[in-house]
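In: pasted the sequence and its predicted model underneath.
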Amino acid sequence: MSVDRYILSLSDNSMILGHRLSELCGHGPTLETDIALTNISLDLFGQVRGFLSVLAARQGSDVTEDSLAFLRREREHFNCILTELPNTDFAHIIVRQYFFDVFHKMQLEVLQQSTDQDIAAIAVKSLKEAKYHERFSQSWMLRLGDGTEVSHAKMQVAVNTLYPYVHELFDLTEWEKELIESGVAADTETIKEEYYRLIHQTLAQANLSTDGLSNRYAKGKHGMHTENLGFILAEFQYMQRAYPQMEW
Amino acid sequence: MGDKIILEDKFQKRIDAGEKIEPKDWMPEKYRKTHIRQISQHAHSEIVGMLPEGNWITRAPSLRRKVGLLAKVQDEAGHGLYLYSAAETLGISRDQLFDQLHTGKAKYSSIFNYPTLSWADIGAIGWLVDGAAIINQVMLTRTSFGPYARAMVRICKEESFHQRQGYEIMLGLANGTPEQKEMAQDALNRFWWPSLMMFGPRDEDSPNTEQSVKWKIKRKTNDELRQQFIDITVPQAEYIGLTIPDPDLKWNEERGHYDFGEIDWDEFWTVVKGNGPCNKERLQARIDAWDEGSWVRDAAMSYAEKQANQIGKEKLAS
Ligand SMILES: [Fe+2]
Ligand SMILES: [Fe+2]
């Protein structure tokens, strides 16, 4: 079912990025940033639980939020590549977050009107969180982009690495196009221009450039991932694989 | 000299009368130093304590448990934050406090120098370690230094939530499959004795107690607190069908307390002196986070200065 896949793709962006942020807990550059990033991770996992419990209820029988979260293989994940890229340093963490947050917020704004009531309800609830995430990551874009020479250089490296994956956020798969027609999915074409305007405005304010960067191959939404995802899942799924069918 | 004695006398009378000492009040230098040491040691314990539990966040077995653990570890960061702020009111900066931790001058609770080897350790830590911490901290909600006492009130509420969450994890495992029960028992076996060590050396080997009692930092001795913890925890273990790893543990009708076996004090001192299973790794993880974050903190500072200058210029121009 294409709606199921769409819900998984929304959920997987939050789940995989939430996982990346959860790797940082206890290792942040300050206590305040540590707390903030953990908070974002918590919000994202909260959204995942919302989406997957809806999906589990629809699919019935033995399906649970946990079987959906922990028992799918690499090719059955539909997150965008951006969300699975590693926590190379704090600059990468912030740039990845900012690029995602702006998109996430705009996508949720559209999804509030989804004809699928469950998706719409989760979007309404998640939008407040996404706005807060964007405020956090944008403020750090400026601080680090326009901070010191060192921070600026690190941020430029992060932009060089991550910007080439941004285009995939707007990649429309065949199954998504169908759902746009019926008003279930967000037509991201309608927010694309504004998205790029916003991020380029912030990048300019932060003295960061995207000149000469070209888009990289990115087919996460089609279930084609980087080598990162396998390792994420090895860790993420460890307990459910090692101790199958138990209650925790 | 006479003036100082009068001041100290008045100071002690205020404490005896149950008044709180606030940061701007006069206080003996020793009171200030002792509080900086104790509060910062407590703050460091919260922060270092994030590491053993953080170790299982990415591998938590279910979404519900993952969210519970993330929130718990985040609470501990919050506890660190309140406590550093309380210490800062005594005239020391957070950077200085971190420096004391990183250079090994300041201590933190030894319990966090033990590894978390299975998911059940997360349950055991919540149940036993947060449980032991509460016993110490409830006492501190009535300590004489105002900011510390107030921080403790807030922290204690969250710690008791952690304790229940940990016990609930253990309860689930103990009632689960044989593998799960074995995992829970193994975690209890490994964390029991180190949890008893959290109350510190035996009373006869513990200096400073008298002064601490006068300042209400301590209302009960290490041995009294340890006994209280054992008396509360043993029935909890029995209730979920786990065995406390102490063959000498026995209810003593006459004393109205459990008798228990001898703690391995050699192990205690080995870990306190820095040679426990994870001392080096825990400290290194904190040092790495601090060092790797230095460019971030520098940038934030420099950006804030630029912004302040900008506002200054705009004010001048208008
Ligand atoms: Fe705590
Ligand atoms: Fe706690």
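Out: Yep, it's here. Ligands and ions are numbered 1, 2, ... in the order given.

In: quick check: phi and psi on the residue of the stretch 1-150 of chain B found nearest ligand 1?
Out: Closest residue of the stretch 1-150 of chain B to ligand 1, C-beta to the ion: B:His79 (3.8 Å). Any C-beta I mention is one placed from the backbone N, CA and C, and that applies to glycine too. Phi and psi for B:His79, reported as degrees, to the nearest 10, are phi -60, psi -40.

In: and if you look at A:Lys219?
Out: According to degrees, to the nearest 10, A:Lys219 has phi -130, psi 30.

In: what's the neighbour count on it?
Out: Other residues near A:Lys219 come to 14 when the count uses other C-beta atoms under 10 Å in any protein chain shown.

In: tell me who's in contact with residue 199.
Out: Answering for chain A, as no chain was given. Residues near A:Ile199 by C-beta atoms under 8 Å, 6 or more residues apart in numbering or on different chains: A:Tyr98, A:Phe99, A:Val102, A:Val166.

In: not quite, I wanted chain B
Out: B:Ala132, B:Ile135, B:Asn136, B:Asn222, B:Asp223, B:Leu225, B:Arg226, B:Phe229.

In: can you do 10 Å?
Out: Counting by C-beta atoms under 10 Å, 6 or more residues apart in numbering or on different chains, B:Phe199 touches B:132, B:135-136, B:206, B:220-230, B:263.

In: and it, that's in a helix?
Out: No: counting by DSSP: H, G, I helix; E, B strand; the rest coil, B:Phe199 is located in no helix; its state is coil.

In: quick one: it from ligand 1, how far?
Out: From B:Phe199 over to ligand 1 the distance is 17 Å, taken as C-beta to the ion, to the nearest Å.

In: poorly predicted segments of chain B, please.
Out: B:1, B:208 (pLDDT under 70).

In: wait, A:Glu129 sits on A:Gly46?
Out: Yes: at 7.7 Å, A:Glu129 and A:Gly46 qualify as touching, with contact defined as C-beta atoms under 10 Å.

In: just the helices in chain B please.
Out: Secondary structure of chain B, counting by DSSP state H: helices at B:2-16, B:29-48, B:50-54, B:63-88, B:94-102, B:120-124, B:131-140, B:146-174, B:178-197, B:209-214, B:222-239, B:265-270, B:279-292, B:294-317.

In: specify the angle between the last one and helix B:279-292 in degrees.
Out: Just to be clear, that refers to helix B:294-317. Helix B:294-317 runs at 30 degrees relative to helix B:279-292, counting by axes from the mean of the first three to the mean of the last three C-alpha atoms, to 10 degrees.

In: got the angle for helix B:294-317 vs helix B:94-102?
Out: Going by the same axes, to 10 degrees, helix B:294-317 makes 170 degrees with helix B:94-102.

In: now for A:Leu31: which residues touch it?
Out: Per C-beta under 10 Å, 6+ apart, neighbours of A:Leu31: B:Ala43, B:Glu46, B:Ile47, B:Met50, B:Ala77, B:Gly78, B:Gly80, B:Leu81, B:Tyr84, B:Arg94, B:Phe98, B:Ala289.

In: what residues are up against the residue of chain A found nearest ligand 2?
Out: Nearest residue of chain A to ligand 2, counting by C-beta to the ion: A:Gly26, 13.4 Å away. Applying C-beta under 10 Å, 6+ apart to A:Gly26 gives the contacts A:34, A:38, B:47-55, B:57, B:73-74, B:76-77, B:285-286, B:289.

In: all set now, cheers.
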